[in-house]
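**Q** Here you go, sequence then predicted model.
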Amino acid sequence: MTTAIRKLLVANRGEIALRVMRTCREMGIRTVAIYSEADRLSPHVRYADEAVCVGPPPSSESYLQTDVIIDVCKKLAVDAIHPGYGFLSENANFARAVREAGLIFVGPSPEAIEMMGSKLGAKAAVSTYNIPMVPGTPDAISDREAAKRTAAEIGYPILIKASAGGGGKGMRIVQMEQEFDEQMERAVSEAISSFGDGSVFIEKYVTSPRHVEIQVLGDQHGNIIHLFERECSVQRRHQKVVEEAPSAVLTPEIRAEMGRCAVDVARACGYYGAGTVEFIVDDQLNFYFLEMNTRLQVEHPVTEQITGVDLVKQMIYIAEGKPLTIKQDELEIKGHAVEIRVYAEDPANNFLPDVGTLHTYVRPQGNGVRVDDGFEQGMAIPIYYDPMIAKLITYGATREEAIEKMIRAIDEYQISGVQTTLPFCRFVMEHEAFRSGQFDTHFVQRYFTPQVLQAQPDATETQLAATLAAWLLDQRKPKAESAATSLPVQRSKWKENRLR
Ligand code: ADP
């Protein structure tokens, strides 16, 4: 049985709310935005057909308010909720409450979310399939001495991980046995304070690891396909900043094998919707299952670019109960896509958030450039949420072309008022290790120091002219719309970085 979705509420904010709404508009589905008091003027609020304020700025009082959100749906005769990523997207209780309220949750079943929400639960669920896993303890550690023996068997360094961990948090590397007890205590107390669950387990620390993940789509009729991989190894604090598809190093055989494993992982939890199966790949290209993310990923656009599949549209069809119409053997990789995450962070200062007002904000444009963002010039970046300003995605016939377009697009991007990860990403794009494809998750610690940003090029005449033109345009607008109060003095964002 299929149920047509006519009106959809996006329980999220910023770029992902806009991204979902754009597809809804293309599909003729009406949209409802929710927003906190800090986001009153956000583009996602203006873009939606209807918008409702759900509370004060802290997300616990607004974007995470299940009852309030469901109430809005009832009042506005909404049929379905898309949770985006973050916030309530991987909250099984939320998915259950949505279902119990007679609404459609655009995502997997609460049972699948629950099963994959725990790293140990996920490993147990897939254990009957032939899926390679990093050597380690299969259960939560209750006997520390036994765990030490396992650690000695698999060999140091090892990683202690929180079963409920996420977002790169709740992991501790143990280099040698003498450090074991101390790191264990820290890991458990961190797991309790951050996730309310002290279960931890051990994994072999894969040296020279690459993070490669497979996008899957499953319908409610048992059909599951994969849409190839995304390489996400350039990370800071175990969090991704640069992603690409396809990976520069996978062979067609390994790709097919990882795809098969990812489909099996999805099958193991009766998965439907869009999901991502994460693997760690070592320098010999052995791959191991890490975990499954039961939602749309931040980096999903690179997959959309190389496959031509709108993942949000597929999520909506699946939620309506329609069978997948895409067949695995019809899918092929066309070209190459790279994404960088533009965060309001200071790469010269340990990537600490640098929120403030976007005095200048001019997006790059042109062939092969996609910008998914949720800000306009003059807006302030709220301190309450993730400081990501935008995702910049470029697409080319080859990896080289996508990278060249990325450098061009980064140079066109004009942001002043906050420090951003743009100069860092430009450094990555030009780096020989990235260019050659021979890099791993240690890229940042191995190659990056704030000094390398000093070596970045000056603004060209063109950039300076563009900045000036943007400023002049802004001055012509009625004052209420304009937030740029002074002539942007920086010659370029690179120069400004150095001056500050
Ligand atoms: P999270 O849920 O916090 O994202 P993951 O298990 O997905 O945690 O791991 C996040 C990152 O940590 C990976 O992308 C990788 O860089 C690193 N990592 C995880 N497990 C290992 C491992 N066994 N060996 C080496 N690095 C690892």
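**A** All right, it came through fine.
**Q** and whichever residue of the stretch 401-500 of the chain sits closest to the ligand, how many residues sit next to it?
**A** Closest to the ligand within the stretch 401-500 of the chain is T441: 3.8 Å, counting by CB to the nearest ligand atom. (Each C-beta comes from the backbone N, C-alpha and C, glycine too.) T441 has 20 neighbours, counted by other CB atoms under 10 Å.
**Q** Enumerate every residue touching it.
**A** By CB atoms under 8 Å, 6 or more residues apart in numbering, T441 lies in contact with 209-211, 233-235, 238.
**Q** any idea which of those has the most stuff around it?
**A** V234 (27 neighbours).
**Q** List the residues that contact that one.
**A** V234 touches 240-243, 428, 434, 439, 441, 443-444, counting by CB under 8 Å, 6+ apart.
**Q** one more time with 7 Å, if that's ok
**A** 241-242, 428, 439, 443 (CB atoms under 7 Å, 6 or more residues apart in numbering).
**Q** Repeat that for I280.
**A** 134, 206, 209, 211, 288, 290.
**Q** Of all pairs in those, which one is the farthest apart?
**A** Largest separation among the contacts of I280 by CB to CB: V134 and H211, giving 12.7 Å.
**Q** can you list the domains in this structure?
**A** 7-106, 135-204, 210-454 (automatic domain parsing).
**Q** Can I get those in JSON lines including mean pLDDT and distance to G117?
**A** What follows is the domains of the chain, written out as JSON lines (pLDDT from 0 to 100; distance: least, CB to CB, whole Å):
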{"stretch": "domain 7-106", "mean pLDDT": "98", "distance to G117": "6"}
{"stretch": "domain 135-204", "mean pLDDT": "91", "distance to G117": "7"}
{"stretch": "domain 210-454", "mean pLDDT": "97", "distance to G117": "7"}
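**Q** Around the ligand, pick out the residues from the chain.
**A** Residues of the chain that fall close to the ligand, judged by CB under 6 Å from any ligand atom: 134, 159, 165-169, 203, 205-206, 209, 211, 235, 238, 278, 280, 290-291, 441.
**Q** Among these, which are located in strands?
**A** 159, 203, 211, 235, 278, 280, 290-291 (DSSP state E).
**Q** Spatially, which two of those residues are the most separated?
**A** E203 and Q235 (16.9 Å).
**Q** neighbours of R255, just the number please.
**A** The local packing of R255 (other CB under 10 Å) involves 18 other residues.
**Q** Look up how far the ligand lies from it.
**A** 18 Å (CB to the nearest ligand atom, to the nearest Å).
**Q** picking up where we left off before, so which of the domains of the chain is nearest V126?
**A** Short answer: domain 210-454, nearest of these by CB to CB, at 4.6 Å.
**Q** Please enumerate the strands of the stretch 1-150 of the chain.
**A** 7-10, 30-36, 50-55, 80-82, 104-105 (DSSP state E, counting those that start in this stretch).
**Q** quick one: contacts for the residue of the stretch 1-150 of the chain found nearest the ligand?
**A** Residue nearest to the ligand within the stretch 1-150 of the chain (CB to the nearest ligand atom): V134, separated by 4.6 Å. Neighbouring residues of V134 by CB under 7 Å, 6+ apart: 203-204, 206, 280, 288.
**Q** which residue is nearest the middle of the chain?
**A** V298 (2.7 Å; CA atoms, centre = their mean).
**Q** That one touches Y85, doesn't it?
**A** Yes. With contact defined as CB atoms under 7 Å, V298 reaches Y85; the gap is 5.9 Å.
**Q** hmm, back to that, show me which of the contacts of I280 is closest to Y384.
**A** Closest to Y384, out of all of the contacts of I280 and judged by CB to CB, is H211, at 28.0 Å.
**Q** how much space between the closest one and F443?
**A** To F443, H211 is 11 Å away according to CB to CB, to the nearest Å.
**Q** between the two, what contacts are shared?
**A** Joint contacts of H211 and F443 (CB under 7 Å, 6+ apart) are S233.
**Q** Could you look up the SS state of A337?
**A** Following DSSP: H, G, I helix; E, B strand; the rest coil, A337 is assigned to strand.
**Q** just I225 next, same as before
**A** I225 - assigned by three-state DSSP - is strand.
**Q** Any figure for the gap between it and H336?
**A** 21 Å.
**Q** With I407 instead?
**A** Distance, I407 to H336, by CB to CB: 14 Å.
**Q** Comparing those two, which residue is more hemmed in?
**A** Using other CB under 10 Å as the criterion, I407 and H336 rank with H336 on top: 23 against 14.
**Q** doesn't R399 make contact with the more buried one?
**A** Yes. Taking CB under 7 Å as the definition, H336 is a contact partner of R399 at 4.4 Å.
**Q** what about A402, how many neighbours?
**A** 25.
**Q** That one sits in which helix or strand?
**A** Per DSSP states H and E, A402 falls inside helix 399-412.
**Q** Just the buried positions in that helix, please.
**A** Neighbour-count burial for helix 399-412 flags 399, 401-403, 405-406, 408-412 (criterion: 16 or more other CB atoms under 10 Å).
**Q** Show me what that helix is in contact with.
**A** So helix 399-412 is contacted by 248, 336-338, 340, 364, 368-369, 392, 394-396, 422, 425-426, 429-430, 435, 463 (CB under 7 Å, 6+ apart).
**Q** Cheers, nothing more for now.
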